[in-house]
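I would like to see how this sequence folds:
(2 chains)
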Amino acid sequence: MSPNEREKTTSELADLYTRHGEQDDIEPEAGLDRLIRARAEAAVEDSRSRRALPWIGGLATASVAIVAIAVVLQQSPTGERAESDVAIDAFSRQATESNDSVEPAAQAPLAEISRRARSAEQDLAGSPPVGFSERKSLAADRSLPELTEAAEDRTDADPAEALAVDNPERWLASIRQLVERGDIDKARRQLDRLQRAYPDFPLPEDIRSLRSSGDPDAVGNRDASDGGTDPGNR
Amino acid sequence: MTDARDDDALMLAFAAGDSTSFDELYRRYRKPLYRYLFHAVGNRATADDLYQDIWSRIINSRDGFRRSSGFKRWAFRIAHNRLVDHWRQLGRRPSADSEQTDRLADDARSGPEATMEREQQGDRLRAALMRLPPEQREAFLLQQEAGLTLAELAEREGVGRETIKSRLRYATGKLKTLLKPGAEAAGE
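Reported below is the predicted structural model:
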């Protein structure tokens, strides 16, 4: 088939598909439409009520932190409890004398707590949220020529990066590593690519702030009345 | 009354708290998104489930939307990812769902005489689409429904432009064969 014939075939098929699309009855049922519209309405209402009570989030976080500390204090054996007390004392001192350095004796437990927090964070990053469980590599479904072409397409990609892109959690972890290394520009570029590939992947707060700080178009950076879209202006 | 704002402006307005913008956006995309899913999976029940879930994701991800994303590309990317998850959950990425293909092909063959020509043509098109390998079917549907360019399809799939071109070439070639008069009787 010549390129011209091929073009003609493609165009004929596109016409057929379009013509068929204009005439067919393939569309969601009215009940489904109502359900989705109601979800959107509920989501907007929920956001409004959260914006109306911005201190609720802080209060909830503080409450959880207090409960967590209380539980830790109750469950720790005596030796560790003393260690926790030292850590809490150190936190208190930091809070009240923010310019002062932490006592050397408190640095070890603080380092330990920090290490545990990082470890827990890594565990969390390893356990995928609903809908984003481990993605199977699609390589198994591709033919050899396609795999070869894909490999050629990616010859300039970082091998670790190439492995990460099939899994948003892994990708996020690699972005965190870039941030830790101080490679902020690259982290932002990677985050941009991650978001294009997985638009509905929920971003944790620390990563979201990375995006927002460099993105004037991000919702978080926009004024509510931006573009005349505030319902109050309508 | 039709809203003159573009899709991206509507999505940003929705993210800022205007639910009427969502209504307009939904009106514009309900059919293309549903058709994409229906033609990709071949049955209404699954398409309904996926469709609902995809719109929920669009709603829940509204704060992450940026104008540079382009709503159409953004929404179809979410739909495409959800489809991939769906196939993965089934433990396979079907080359074609034979049961559905057979059903659709049977429908096309044994439709009542009163069925109008265009309905038969529609059934045949759906049956033919279901017989394409999924990557070819997806490339074709994303090009037709989402209007994605070769470069956008290549980026989305993580393959080269030539690979996408070849998928589309095979898809159109096979569809042409399957849709030509007498192809069903010959068992193609």
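
Output the below-cut-off pLDDT ranges for the chain.
Just going to use chain A. Confidence mapping of chain A against pLDDT under 70 gives the ranges A:1-10, A:12-13, A:16, A:19-24, A:52-58, A:76-165, A:212-234.

look at chain B instead
Low-confidence segments of chain B (pLDDT under 70): B:1-2, B:91-119, B:182-188.

Sketch out the helices for it, chain order is fine.
Taking DSSP state H as the test, the helices found in chain B are B:7-15, B:19-41, B:44-60, B:71-89, B:98-109, B:117-130, B:134-145, B:150-157, B:161-179.

Of all those, which one comes closest to residue A:33?
Residue A:33 lies closest, by Cβ to Cβ, to one member of the helices of chain B: helix B:19-41, at 6.5 Å. Every C-beta, even on glycine, is put in place using the N, C-alpha and C of the backbone.

For residue B:133, give me the backbone phi and psi.
phi -60, psi 140 (degrees, to the nearest 10).

that older thread, tabulate the helices of chain B (CSV), appending mean neighbour count and distance to residue A:50.
Shown next, in CSV, are these (neighbours: other Cβ atoms under 10 Å in any protein chain shown; distance: least, Cβ to Cβ, whole Å):
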stretch, mean neighbour count, distance to residue A:50
helix B:7-15, 23, 14
helix B:19-41, 21, 15
helix B:44-60, 19, 14
helix B:71-89, 20, 23
helix B:98-109, 16, 43
helix B:117-130, 20, 43
helix B:134-145, 23, 35
helix B:150-157, 18, 33
helix B:161-179, 19, 42
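
Minimum distance to residue A:166: which of these has it?
The nearest among the helices of chain B, by Cβ to Cβ, is helix B:71-89 at 10.0 Å.

Next, the angle from the closest one to helix B:134-145.
Helix B:71-89 runs at 160 degrees relative to helix B:134-145, counting by axes from the mean of the first three to the mean of the last three Cα atoms, to 10 degrees.

quick check, helix B:71-89 touching chain A?
Yes - judged by Cβ under 8 Å from any Cβ of the partner chain, helix B:71-89 and chain A are in contact via B:74, B:77-78, B:81-82, B:84-85, B:88.

on that earlier part again, which one of the helices of chain B lies closest to residue A:74?
Nearest to residue A:74, of all those, is helix B:44-60, at 36.9 Å by Cβ to Cβ.

The closest one - contacts with which helices or strands?
Judged by 3 or more Cβ pairs under 8 Å, 6 or more residues apart in numbering or on different chains; DSSP states H and E, helix B:44-60 is in contact with helix A:30-52, helix B:19-41, helix B:71-89.

gap between the shortest one and the chain center?
Helix B:71-89 has its C-alpha centroid displaced from the chain centroid by 10 Å (Cα atoms, centre = their mean, to the nearest Å).

Equivalent analysis for stretch B:121-132, please.
13 Å.

Stretch B:54-64 now?
18 Å.

ok, and what's touching it?
With Cβ atoms under 8 Å, 6 or more residues apart in numbering or on different chains as the contact definition, stretch B:54-64 has outside contacts at A:36, A:39-40, A:43, A:131, A:195, A:199-200, A:202-203, A:218-220, B:11, B:14-15, B:22, B:26, B:33, B:37, B:75, B:78-79, B:82.

For that stretch, C-alpha coordinates in PDB please.
C-alpha atoms of stretch B:54-64 as PDB (Å, rounded to 0.1, in the frame of the first residue of the first chain):
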ATOM      1  CA  ILE B  54     -12.800   7.900  36.000                       C
ATOM      2  CA  TRP B  55     -15.100  10.900  36.600                       C
ATOM      3  CA  SER B  56     -14.600  10.500  40.300                       C
ATOM      4  CA  ARG B  57     -10.900  10.600  39.800                       C
ATOM      5  CA  ILE B  58     -11.300  13.700  37.600                       C
ATOM      6  CA  ILE B  59     -13.300  15.300  40.400                       C
ATOM      7  CA  ASN B  60     -10.900  14.400  43.100                       C
ATOM      8  CA  SER B  61      -7.900  15.500  41.200                       C
ATOM      9  CA  ARG B  62      -9.200  18.900  40.200                       C
ATOM     10  CA  ASP B  63      -6.800  20.700  42.400                       C
ATOM     11  CA  GLY B  64      -3.900  19.200  40.500                       C
END
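
Relative to residue A:193, how far out is the residue of chain B at minimum distance from chain A?
Taking Cβ to the nearest Cβ, chain A has its nearest neighbour within chain B at residue B:13, 3.3 Å off. Computed as Cβ to Cβ, to the nearest Å, the residue B:13 to residue A:193 distance reads 26 Å.

Throw the helices and strands packed on helix B:44-60 into CSV and include distance to residue A:72, thanks.
Formatted as CSV, these follow (distance: least, Cβ to Cβ, whole Å):
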stretch, distance to residue A:72
helix A:30-52, 29
helix B:19-41, 43
helix B:71-89, 37
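
Out of those helices, which is closest to residue A:189?
Shortest distance between residue A:189 and the helices and strands packed on helix B:44-60, using Cβ to Cβ, is found for helix B:71-89: 17.9 Å.

related to what we said a few turns ago, hmm, the residue of chain B closest to chain A is touching residue B:21, no?
Yes - here residue B:13 reaches residue B:21: they are 3.8 Å apart, a contact under Cβ atoms under 8 Å.

Who's the closest spatial neighbour of residue B:167, skipping the chain neighbours?
residue B:139 (4.4 Å; Cβ to Cβ, 6 or more residues apart in numbering or on different chains).

need the contact list for that neighbour.
B:153, B:157, B:164, B:167-168, B:171 are the contacts of residue B:139 under Cβ under 8 Å, 6+ apart.

from what I can see residue B:128 touches residue B:179, true?
Yes - at 5.5 Å, residue B:128 and residue B:179 qualify as touching, with contact defined as Cβ under 8 Å.

Tell me who's in contact with the closest residue to residue A:29 other than its chain neighbours.
Once flanking residues are discounted, residue A:29 sits nearest to residue B:48: 7.6 Å by Cβ to Cβ, 6+ apart. For residue B:48, the contacting residues are A:28-29, A:32, by Cβ under 8 Å, 6+ apart.

how about a cut-off of 10 Å?
Each residue near residue B:48 by Cβ atoms under 10 Å, 6 or more residues apart in numbering or on different chains is listed here: A:28-29, A:31-32, B:34, B:37-38.
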